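> Dropping a prediction and its sequence here:
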Amino acid sequence: MREIAVFSGSAHPELAEEICANLGVELHPVSVRRFANDCLEVQLQANCRERDVFLIQPIVAPVQEHLVELLLMLDAARGASAGRTTVVMPHYAYARSDKKDAPRISIGGRLVADLLVTAGANRVLAMTLHSPQVHGFFSIPVDHLHALRELAGHFRRYDLSNTTVVSPDLGNAKPASHFARLLGVPVAAGAKERFADDRVAISSIIGDVAGRDVIVLDDEIARGSTVLEVLARLRELGARSVRVACTHGLFSDGALKRIGDQPDVLEIVCTNTVPVEPDEVAPKLTVLSIAPALAEAMRRIHNGESVSALFDAQ
């Protein structure tokens, strides 16, 4: 790993440090300055010439700030004659803007992908993109990881003999089915309709949940409106207990407290793809680390080994 250079933006330096600890390499410093006119300047403070450069930056709030910072880091790496630059993007916020579902709207997921390539990205390492088509927005190689293995390892500690995995909607049914197979339990799915960013309706749940312990699995939780709607349907159908799991725990606008205050929710599980603010930590919250998985994928990319082989045994 001598020819590797790893840098982190300001979005999630704790995750970057943990990744580097798993890799056994140094996390190089980055200087970010703000001029009087509010423009940013980024300097990578280590040699990049002909090196395999990895830039770790989840696109999280403030999204625009962290996105521009990443674009400037890419430009700096290209200007410093990096041999190859890989964006390690554990969370891609614009992945939700993946289709034209209203007149005259932008498709941000594709546009931002183009911006990353234009700025100098040669490769992307992502975790649990919001929908499969986002992968195709990039004109460069994308290694797409998921956290189902880490989540399944956590839930295997429990008695799963009476457990059902529930996907909040049919769009997430395939990952939920994979997760259920890892646990050896049945799967169910909700019939969801979204009316606005914070308003959804789930008319029914397809599958048996009456009297069962339920694990609700989603890719991300933002305001938590979908999870709360699923909980309402599960109560009506007589579910015995509920645990909530996701990869990206954004928990905006007090979502963590709203979900945690539900008496039938025993636990909320997420990974550290995005930082959880200290004042957001709740007694029911468990945060799993995906740093080892990202570090192993980075090692394989650097050595020219298969990344998909990480999931072959699952």
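Okay, I see it.

> who are the neighbours in contact with the residue nearest to residue 58 when sequence neighbours are not counted?
Spatially, and ignoring its direct neighbours in sequence, residue 58 is nearest to residue 91 (4.0 Å; Cβ to Cβ, 6 or more residues apart in numbering). Every C-beta, even on glycine, is put in place using the N, C-alpha and C of the backbone. Shown in contact with residue 91 (Cβ atoms under 8 Å, 6 or more residues apart in numbering): 58-60, 127, 220, 248, 273-274.

> ok, 6 Å please
Contact analysis of residue 91 by Cβ atoms under 6 Å, 6 or more residues apart in numbering lists 58, 60, 248, 273-274.

> any idea of the pLDDT on it?
Listed pLDDT for residue 91 reads 98.

> Could you do the one 5 residues further on as well?
According to the per-residue confidence, residue 96 scores 88 in pLDDT.

> quick one, phi psi at it?
Residue 96 adopts backbone torsions of phi -70, psi -20, taken as degrees, to the nearest 10.

> what's the distance between it and residue 222?
9 Å (Cβ to Cβ, to the nearest Å).

> So which of the two has more stuff around it?
Using other Cβ atoms under 10 Å as the criterion, residue 96 and residue 222 rank with residue 222 on top: 20 against 17.

> just the contacts of residue 91 now: which is nearest residue 71?
Checking the contacts of residue 91 against residue 71 by Cβ to Cβ gives residue 58 as the nearest, at 14.4 Å.

> who are the neighbours in contact with that closest one?
So residue 58 contacts 11-12, 90-91, 274 (Cβ under 6 Å, 6+ apart).

> buried residues in stretch 257-269?
259-260, 262, 265, 267-269 (16 or more other Cβ atoms under 10 Å).

> Kindly reformat the contacts of residue 91 as TSV containing pLDDT.
Formatted as TSV, the contacts of residue 91 follow (pLDDT from 0 to 100):
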residue	pLDDT
58	98
60	96
248	97
273	98
274	96
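
> Just the buried residues of stretch 154-164, please?
Of all the residues in stretch 154-164, those buried under the rule 16+ other Cβ under 10 Å are 155, 160, 163-164.

> scratch that, stretch 6-17 is what I was asking about
Buried residues in stretch 6-17 (16+ other Cβ under 10 Å): 6-9, 11-12, 15-16.

> repeat for stretch 63-81
Those would be 63, 65-74, 76-78, 80, for stretch 63-81 by 16+ other Cβ under 10 Å.

> same deal with stretch 26-42?
27-28, 30, 42.

> and which of the buried residues of stretch 6-17 is nearest to residue 178?
For the buried residues of stretch 6-17, the nearest to residue 178 is residue 15 (24.1 Å; Cβ to Cβ).

> Need the three-state assignment for that closest one.
Put simply, residue 15 is helix when judged by DSSP: H, G, I helix; E, B strand; the rest coil.

> Residue numbering should commence at 2 henceforth.
Let's use 2 as the start, then, which means that last one is residue 16.

> Would you quantify the distance from it to residue 292?
According to Cβ to Cβ, residue 16 and residue 292 sit 6 Å apart.

> so who does residue 244 touch?
216, 267-268.

> Quickly list what it is bridged to.
For residue 244, the beta-bridge partners are residue 216, residue 268 (DSSP bridges).

> helix/strand/coil for residue 220?
strand.

> What's the per-residue pLDDT of the closest residue to it other than its chain neighbours here?
Of all residues not flanking residue 220 in the chain, residue 129 sits nearest, at 5.2 Å (Cβ to Cβ, 6+ apart). In this model, residue 129 is scored at 94, pLDDT.

> got it, and residue 283?
At residue 283, pLDDT is 81.
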